[in-house]
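Asker: Sharing a model prediction with you, sequence too.
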Amino acid sequence: MDNIKLEVKKFLLDSFVNESETGPIEDETPLLSSGIVDSISSLQLVAFLEEKFNFQFQPHEVDQDNLNTLNLIEEFVKAKKG
Amino acid sequence: MIDFSLSKEQESLREEIIAFSEETLTPGALDRDKAQFFDRSLWEACGQLKLPGMLVKKEYGGRGLDAVSTVVALEALGYGSADSGLNFSLAAHLLACVVPIQLFGSEEQKNYFLPALSDGRWIAANAMTEASSGSDAFNMEAAAVKGPEGYILNGHKNFCSNGPVADVVLAYFTTTPGKGFFGGISAFLLEKGKQDFFASEKVEKFGVRTCQMGEFRFTDTLIGGQGLLGKEGAGGMIFNTSMEWERICLGALHLGAMEKQLEKAISFARTRKSGGKSIASNQAVSHPLANLKIQIESARLLTLKAAWKLDAGKPAGMDAAMAKVQLSETFRSFATQLMQLYAGKAYREEHEAQQLLRDAVGDSLYSGTTEVLRNILATHMRLK
């Protein structure tokens, strides 16, 4: 399941994160609360996760509690996939 | 296969709405616009056709249109009805309030609110914007605090279309400020008379003048947990979804208005003489009108493609931004060129071109300014 974190990190780096500006994106690097992923990028991340892992977010699930780090994202995706 | 034609049902929907609005909504529209007067009986007449609930599922009392057909219907309304403020009121009610209730409401909320919001009995207003956060809706101060009997709401919302005449208010408050826009904001459905809050009189404004815009003040307003739309923390996504619908579909009103005014402008250019010839034969007149035709069609295609994405359940944020920017800028360009065409007549008298110009200015300000929408596009294009 490490693939989830790798896939998400690849998406972030391909899409809107530049590690030379943000520093390295580690498993526990804060993404939303640090501003690395802003509100508009959050929506792109949500769309990516829905398409890549084939599930739907409920509106209240678009939340730092589920999206703030690679570890949290992995945990959330696993929970959604059951 | 790509098919750009309207279905028979969409053709008859268009004809029905144009016939109704030309006969019922247009008479007296310029006078109402000048007086900034909202005629609730006209809203009720729209309700008889269930236009305020055109995209509400039939089981909840609406007409059950999809997003593409909603664009067709709103364009027909903009074409047939010269009461641009009433048109705007209806679209704001539909897209910023009715859509979120239909998409995110509980079965109980949908059964309770949607029939009356569809048949003209009730009008809804969206309350998001605050004095310190306009298009940047991410710095909200209004707050909801959970207590034993429900939530206590405090805050001040302004620029609320339909506010002074609203029976239902969809209002947004922070519930967990530290989480920010996504996860930190919640949406509440309030009813005039059931919850205690202050709704101002109308605020005078520049465009879409028959739409009544006002403010809401919430001072220790108590609302039970059943007033929450979606779950706590869902407000950011609910608002974002409603803005995508509004950015895509509301502009269809202006497409219709521009198409109607283009027909009138062509007729005027062909009959108005200068130096013994119609001014239409002058390329200084004909080329700008030809260019406007291209711009209107471009905006229409972007709008319909974005609406198709809504229907297909595909991400539509970038398409919504592109459609809205193209339409807003076409609208403003159209309105200024129309003033140039009619010249002194439109400048001196109460004239449709004046109304269109006032309406066009507003379109690049609400539902996200064109600058904010270009920022969204830039992010999608990986430029930020």
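Answerer: Happy to help now that I have it.

Asker: could you give me the average pLDDT of the helix or strand containing residue B:336?
Answerer: Under the criterion of DSSP states H and E, residue B:336 resides in helix B:317-342. Taken as a whole, helix B:317-342 has an average pLDDT of 95.

Asker: does it come close to chain A?
Answerer: Yes - looking at helix B:317-342 against chain A by C-beta under 8 Å from any C-beta of the partner chain, the contacts come from residue B:317. Quick note: C-beta positions are derived from backbone N, CA and C, even for glycine.

Asker: in chain A, what residue is nearest chain B?
Answerer: residue A:63 (3.1 Å; C-beta to the nearest C-beta).

Asker: what's the spacing between that residue and residue B:179?
Answerer: Taking C-beta to C-beta, to the nearest Å as the measure, residue A:63 falls 6 Å from residue B:179.

Asker: per-residue confidence at residue B:134?
Answerer: Reading off the model, residue B:134 has pLDDT 54.

Asker: Sorry, wrong one. I was asking about residue A:2.
Answerer: 57.

Asker: element containing residue 31, please.
Answerer: Here I'm looking at chain A. Per DSSP H and E: residue A:31 is located in neither a helix nor a strand.

Asker: try again with chain B
Answerer: Element membership for residue B:31 (DSSP H and E) is helix B:29-35.

Asker: Packing partners of that helix?
Answerer: helix B:84-92, helix B:352-363 (3 or more C-beta pairs under 8 Å, 6 or more residues apart in numbering or on different chains; DSSP states H and E).

Asker: Which other helices and strands does the longest one contact?
Answerer: So that's helix B:352-363. On a contact count with 3+ C-beta pairs under 8 Å, 6+ apart, helix B:352-363 meets helix B:29-35, helix B:84-92, helix B:251-271, helix B:317-342.

Asker: The same query, at a cut-off of 10 Å, please.
Answerer: helix B:29-35, helix B:84-92, helix B:251-271, helix B:317-342, helix B:344-348 (3 or more C-beta pairs under 10 Å, 6 or more residues apart in numbering or on different chains; DSSP states H and E).

Asker: Quick one: mean pLDDT for stretch A:32-52?
Answerer: 89.

Asker: Looking at residue A:63 and residue B:179, which is more packed in?
Answerer: Each of residue A:63 and residue B:179 had its neighbours counted (other C-beta atoms under 10 Å in any protein chain shown), and the higher figure belongs to residue A:63 (25 against 19).

Asker: give me phi/psi at that one?
Answerer: In terms of degrees, to the nearest 10, the main-chain angles of residue A:63 are phi -150, psi 150.

Asker: go on, residue B:221?
Answerer: Residue B:221 adopts backbone torsions of phi -70, psi 120, taken as degrees, to the nearest 10.

Asker: nearest residue to it other than its sequence neighbours?
Answerer: Leaving aside its chain neighbours, residue B:221 sits nearest to residue B:153 (4.2 Å; criterion: C-beta to C-beta, 6 or more residues apart in numbering or on different chains).

Asker: cool, and residue B:210?
Answerer: residue B:85 (2.9 Å).

Asker: residues in contact with the one you found?
Answerer: With contact set as C-beta atoms under 10 Å, 6 or more residues apart in numbering or on different chains, residue B:85 has these partners: B:29, B:32-33, B:36-39, B:161, B:205, B:207-213, B:355, B:359.

Asker: Pull the contacting residues for the closest residue to chain A within the stretch 101-250 of chain B.
Answerer: Here the stretch 101-250 of chain B gets closest to chain A at one residue, residue B:183, 3.1 Å apart by C-beta to the nearest C-beta. Residue B:183 is in contact with A:32, A:42, A:59-68, B:175-176, B:232-237, counting by C-beta under 10 Å, 6+ apart.

Asker: same question, residue B:74
Answerer: Here residue B:74 is in contact with B:17, B:51, B:54-55, B:65, B:87, B:90-91, B:94-95, B:249-256, B:303 (C-beta under 10 Å, 6+ apart).

Asker: any idea which helix or strand carries the residue of chain A positioned farthest from its centre?
Answerer: The centre of chain A is farthest from one residue, residue A:20, which by C-alpha atoms, centre = their mean lies 18.8 Å away. Here residue A:20 is covered by helix A:19-22, with elements defined by DSSP H and E.

Asker: ditto for residue B:215
Answerer: Judged by DSSP H and E, residue B:215 forms part of strand B:213-223.

Asker: Now do that strand: which elements does it pack against?
Answerer: Other helices and strands packing on strand B:213-223, by 3+ C-beta pairs under 10 Å, 6+ apart, are helix B:84-92, strand B:124-127, strand B:143-147, strand B:150-161, strand B:168-174, strand B:185-191, strand B:198-199.

Asker: Dump the ones you listed to a markdown table, plus mean pLDDT.
Answerer: Output for the helices and strands packed on strand B:213-223, formatted as a markdown table (pLDDT from 0 to 100):
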| stretch | mean pLDDT |
| --- | --- |
| helix B:84-92 | 98 |
| strand B:124-127 | 97 |
| strand B:143-147 | 95 |
| strand B:150-161 | 96 |
| strand B:168-174 | 97 |
| strand B:185-191 | 97 |
| strand B:198-199 | 97 |
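
Asker: Alright, that wraps it up for me.
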